[in-house]
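Novice: model this:
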Amino acid sequence: MRGVLAAAAGLIALASPALAQSRIFVASDSTAQYYAADRYPQTGWGQMLQCGLAPDVEVVNRAMGGRSTRTFLSEGRWDKILADAKAGDLVLIQFGHNDSSSTKPERYAPAATVYRDNLLRMIWEARGHGLVPVLVTPPVRRSFVDGKVKLDFADYSQVMRELVVTTGTPLIDLEARSAEFIGHLGEAGSKPYYLHYPAEAHLAAFPKGIDDDTHFSELGGRAMANLVAQELKSLKMPVAEKILAERPDLSRTMPLGSAACR
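Specialist: A predicted model of the protein is given here:
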């Protein structure tokens, strides 16, 4: 699979050697979303990605909570990216969490049909506008079964992996990378990376406390952004040169107290 990804990325780079890839758009859901300070400690990986990039690269984070491929398209959010992006810009496309919500028909996009078709539309329309689409499999939840991380969105991730082969689109396998990372930490060790805070923490955003195994804390947002940065650096595209070799802001093990880059 790694060879396929490298070949696909290499073809894109050769096709547009003059494009510097100075902007990265993020099309995704609440796991990548930007959160204002009054929502701290909730943090999306998309808002932390900037901390791993050279200063001349801009992250344009269009991720929005509760969105699936279906609603991101139907609400015109995808069209807005196409309108605002310029030739050579990267578009990181990560969906799956909300597409799998079968009890919410306005969001639901079955993996093998609607979800696949929506991703194909995004890939071809992005390329038609001179953009570089990169698929990102959904990050894992803090979901353990018999001590092992459960892949709650495996069908959706598999569709993305298949599209790598059929369309030559680069892939960041965030599901696999996050499963490895969270699995290594273990059920107890991974808890600080998600939203688990008692009412006694006196958080303005969560006055009653919160126990959430889907959304990330500051540490989780930083860690997921670090995995995305690592994968971007491995792709044979111009943006790889813009990934900082050292990313201390993204590898913190103690919270900074905000979603800032130091």
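
Novice: where exactly do the strands run in the stretch 51-200 of the chain?
Specialist: Ranges of strands within the stretch 51-200 of the chain are 58-61, 90-93, 132-136, 144-145, 148-149, 171-172, 194-197, based on DSSP state E, counting those that start in this stretch.

Novice: Show me what the first one is packed against.
Specialist: When contacts are defined as 3 or more CB pairs under 8 Å, 6 or more residues apart in numbering; DSSP states H and E, strand 58-61 packs onto strand 23-27, helix 45-48. Yep, even glycine has a C-beta here, placed from its N, CA and C like the rest.

Novice: Run the chain-centre distance for the last one.
Specialist: This means helix 45-48. Taking CA atoms, centre = their mean, to the nearest Å, one finds helix 45-48 lying 8 Å from the centre of the chain it belongs to.

Novice: same deal with the longest one?
Specialist: The chain centre lies 10 Å from the centre of strand 23-27; the measure is CA atoms, centre = their mean.

Novice: what is the orientation angle of it with strand 132-136?
Specialist: For strand 23-27 against strand 132-136, the angle by axes from the mean of the first three to the mean of the last three CA atoms, to 10 degrees is 50 degrees.

Novice: Specify the strand with the largest residue count in this structure.
Specialist: strand 210-216 (DSSP state E).

Novice: What residues of that one count as buried?
Specialist: I210, D213, T214, H215, F216 (16 or more other CB atoms under 10 Å).

Novice: CSV for these, including distance to Y194?
Specialist: Compiled in CSV, the buried residues of strand 210-216 are given as follows (distance: CB to CB, whole Å):
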residue, distance to Y194
I210, 9
D213, 5
T214, 7
H215, 7
F216, 6
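
Novice: Make TSV out of these and add pLDDT and distance to H202.
Specialist: Shown next, in TSV, are the buried residues of strand 210-216 (pLDDT from 0 to 100; distance: CB to CB, whole Å):
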residue	pLDDT	distance to H202
I210	98	12
D213	98	22
T214	98	23
H215	98	19
F216	98	20
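
Novice: Closest one to M64 out of those residues, please.
Specialist: Distance to M64 across the buried residues of strand 210-216 (CB to CB) is lowest for H215, with 13.4 Å.

Novice: my guess is that closest one contacts Y197, does it?
Specialist: No - here H215 does not reach Y197: they are 11.7 Å apart, not a contact under CB atoms under 8 Å.

Novice: picking up where we left off before, highest mean neighbour count out of the helices and strands packed on strand 58-61?
Specialist: Highest mean neighbour count among the helices and strands packed on strand 58-61 (mean count of other CB atoms under 10 Å): helix 45-48, with a mean of 28.

Novice: other SSEs contacting it?
Specialist: Counting by 3+ CB pairs under 8 Å, 6+ apart, the packing neighbours recorded for helix 45-48 are strand 58-61, helix 218-234.

Novice: Enumerate residues external to it that contact any of its residues.
Specialist: Contact with helix 45-48 is made by 26, 28, 31-35, 59, 61, 63, 92, 139, 216, 221-222, 224-225, 227-228, 249-250, 259, as judged by CB atoms under 8 Å, 6 or more residues apart in numbering.

Novice: Format the strands of the stretch 51-200 of the chain as a markdown table; extra columns: mean neighbour count, distance to L235 and mean pLDDT.
Specialist: Shown next, in a markdown table, are the strands of the stretch 51-200 of the chain (neighbours: other CB atoms under 10 Å; distance: least, CB to CB, whole Å; pLDDT from 0 to 100):
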| stretch | mean neighbour count | distance to L235 | mean pLDDT |
| --- | --- | --- | --- |
| strand 58-61 | 18 | 16 | 98 |
| strand 90-93 | 26 | 10 | 98 |
| strand 132-136 | 26 | 8 | 98 |
| strand 144-145 | 12 | 30 | 96 |
| strand 148-149 | 17 | 25 | 96 |
| strand 171-172 | 24 | 8 | 98 |
| strand 194-197 | 20 | 28 | 98 |
